[in-house]
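**Student:** Sequence and predicted structure are below.
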Amino acid sequence: MSRHAQPTVLLDFLAARTGGQLTRARAFLGRVREHDPDTRLHILHSNGALGFLDDRADLVVDELRFAAPGIALRRIAWQNARLPALLASTGASAYLTFSHDLPLRFPASIPAIVGVSNLAPFSADARAAETRMMARLRLDLLARTIVSSARRARCVIALSEACRGMLVERGVDAGKIEVIPNGVDVLSGIEDPATRSTLLAQYGITGDYLLYVSHFYRYKNFERLVQAFAGIAPARRAGLQLVLVGKPWDADYHRAVTLLAERLGVAGSTRIIPGASGVELSTLYASARLFVFPSLIENSPNILLEAMAHGVPVVASDVAPMPEFGGDAIGYFDAGSADSMCVAIERALEDTEPRESIARRTRAQAALFTWDRFTARVVALYRSVLG
């Protein structure tokens, strides 16, 4: 029982440091008071990741510092050793994390809500894409950790029906799983044509281009995309570029993709951009001839939703849950086949449907997924746990 006048929810954002976890944390915390003005919310974050909370008097914010290297391991050790005591001292009535980590010593008296955001450990294709034994062992360990946490939690947030199905297959009670997909935010790109052209030229983009946005991990399937691009009929590929935007988190894989482009003779028409600001990225989305999303596995594919929300034509992997999010608004291909991907790209490039019509369709589909809806449903879930 909380020692505070109102119930306290401890929100653990210690794992929200980059990528989708950070996007979700920003979106949720920026909207939560619109849906819940009363509950006492105690926020944990690490190493300045949520520094934008510093002026939030409506929240209790604790920042922890974990030294590098091994930040993730230090975080997990702290959660197992210190989190139970913090829960007791804050009088927490419930615990919420959008990561999958539920400490083994978590007190049974406090209801826990655990989000599952990573499906790569459950994908045979993602595992097969890894060339190093340690990477495969890490996926195996993550799979066991996720399932263990989900089984022990009071409630589980799955970001897609595909996620829900994978958890149920592994013995998690279907009755405690709530499917709450991510939302999507769209920043305005550069409107002025001259400024936009200058930006594209700075990146070496000179004409029509295919775009893919993702950090470099093997399950993101960059190599098959490069193979598909090289397979486009020469007459069609003339003047066309492939633009890849993402940080080289897996440096070996980043090098392998670069070398593959050279070996296939398309390095001169391939541009690799190691990240871009929000406005620049929006400009890249909106200016693309076609967005290609070849990922072998996702949970709630934020990047796919962003591309659709910008009104760009899209072709994507047919692996679940991509059709769950893209619906009939986009085209699909077999993510395991560069030939299938190439055919889908060529078909999209030959499509004569007006771009305005495609944009209306993709934007309408993306509009089904909002951060307001996500936040409202998460608030309703923890309020039901609080009773």
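**Tutor:** Yep, it's here.
**Student:** Give the buried residues for stretch 330-340.
**Tutor:** Residues 330-336, 338, 340 are the ones in stretch 330-340 that count as buried (16 or more other Cβ atoms under 10 Å). For every residue, glycine as well, the C-beta is placed using N, CA and C.
**Student:** Output that stretch in CSV with nothing but the alpha carbons.
**Tutor:** Taking Å, rounded to 0.1, in the frame of the first residue of the first chain, the C-alpha atoms of stretch 330-340 are listed here in CSV:
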residue,chain,number,x,y,z
ILE,A,330,1.6,-0.4,-49.4
GLY,A,331,3.2,-3.2,-51.5
TYR,A,332,5.0,-6.3,-50.1
PHE,A,333,7.8,-8.7,-51.0
ASP,A,334,9.5,-11.8,-49.6
ALA,A,335,12.2,-10.4,-47.3
GLY,A,336,14.3,-13.5,-47.8
SER,A,337,14.5,-13.0,-51.5
ALA,A,338,16.4,-10.2,-53.2
ASP,A,339,14.7,-11.2,-56.5
SER,A,340,11.2,-10.7,-54.9
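**Student:** Can you give me the distance of the spatially closest residue to residue 10 that is not a sequence neighbour to residue 138?
**Tutor:** Closest residue to residue 10 apart from its sequence neighbours, by Cβ to Cβ, 6 or more residues apart in numbering: residue 92 at 4.3 Å. Using Cβ to Cβ, to the nearest Å, residue 92 is found at 31 Å from residue 138.
**Student:** The two: which has the busier surroundings?
**Tutor:** Per other Cβ atoms under 10 Å, whichever of residue 92 and residue 138 has more neighbours is residue 92, with 24 against 14.
**Student:** Double-check that that one belongs to a strand.
**Tutor:** No: counting by DSSP: H, G, I helix; E, B strand; the rest coil, residue 92 is not part of a strand but coil.
**Student:** got a list of what it touches?
**Tutor:** 2, 8-10, 42, 110 (Cβ atoms under 8 Å, 6 or more residues apart in numbering).
**Student:** cool, and residue 104?
**Tutor:** Neighbours of residue 104 in contact, by Cβ under 8 Å, 6+ apart: 80, 148.
**Student:** Distance-wise, check it relative to residue 79.
**Tutor:** 9 Å.
**Student:** Return the subset of the contacts of residue 92 lying in strands.
**Tutor:** 8-10, 42 (DSSP state E).
**Student:** Which members of the buried residues of stretch 330-340 are positioned in strands?
**Tutor:** Filtering the buried residues of stretch 330-340 for strands - DSSP E - leaves 331-333.
**Student:** Take those and lay them out in JSON lines including distance to residue 186.
**Tutor:** Shown next, in JSON lines, are these (distance: Cβ to Cβ, whole Å):
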{"residue": "331", "distance to residue 186": "21"}
{"residue": "332", "distance to residue 186": "23"}
{"residue": "333", "distance to residue 186": "25"}
